[in-house]
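Enquirer: this one's structure only:
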């Protein structure tokens, strides 16, 4: 598992990125809005892991993995039903769940990818 210092450094980098995006004088493009939202979610997730034990973080990982399975099934159902609105909603939920999963995996060192 990552150390509190490593997690703190990552939170600091994310908060700097968030502050930079919020300081933009021009309206943010949709792409930058997505980056901002993702960075904010990662920062929140990392902050919550600081107070958790490794076992609690592993429980979170399992919870988000189960959620991913549920969301994928919902997305498939919406696709079969050709329900575009539901597909879009579920896609957004999948995206946020993936950020949570990737963040927890990084903290637990389950994944070599950098978040």
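Expert: Structure received. These figures come from a predicted structure and were not determined experimentally.

Enquirer: When you work out contacts or count neighbours from here on, use the C-alpha atoms and nothing else.
Expert: Fine.

Enquirer: which residue ranges form the helices in this protein?
Expert: Counting by DSSP state H, the chain has these helices, from start to end: 4-22, 30-50, 54-80, 84-108.

Enquirer: and the residue lying closest to residue 93 once chain neighbours are set aside, how many neighbours does it have?
Expert: Leaving aside its sequence neighbours, residue 93 sits nearest to residue 71 (C-alpha to C-alpha, 6 or more residues apart in numbering; 7.4 Å). Neighbours of residue 71 under the rule other C-alpha atoms under 10 Å: 17.

Enquirer: The one 10 residues further on now?
Expert: By other C-alpha under 10 Å, the residues close to residue 81 number 11.

Enquirer: Now the phi/psi pair for it, please.
Expert: Main-chain dihedrals, residue 81, degrees, to the nearest 10: phi -80, psi 0.

Enquirer: Which pLDDT value does the model give it?
Expert: The per-residue pLDDT reported for residue 81 equals 94.

Enquirer: can you check the one 3 residues further on too?
Expert: The per-residue pLDDT reported for residue 84 equals 94.

Enquirer: Distance-wise, check it relative to residue 30.
Expert: 20 Å (C-alpha to C-alpha, to the nearest Å).

Enquirer: And these two? Which one has more around it.
Expert: Taking neighbours as other C-alpha under 10 Å, residue 84 and residue 30 compare with residue 84 leading, 12 against 9.

Enquirer: No more questions from me, cheers.
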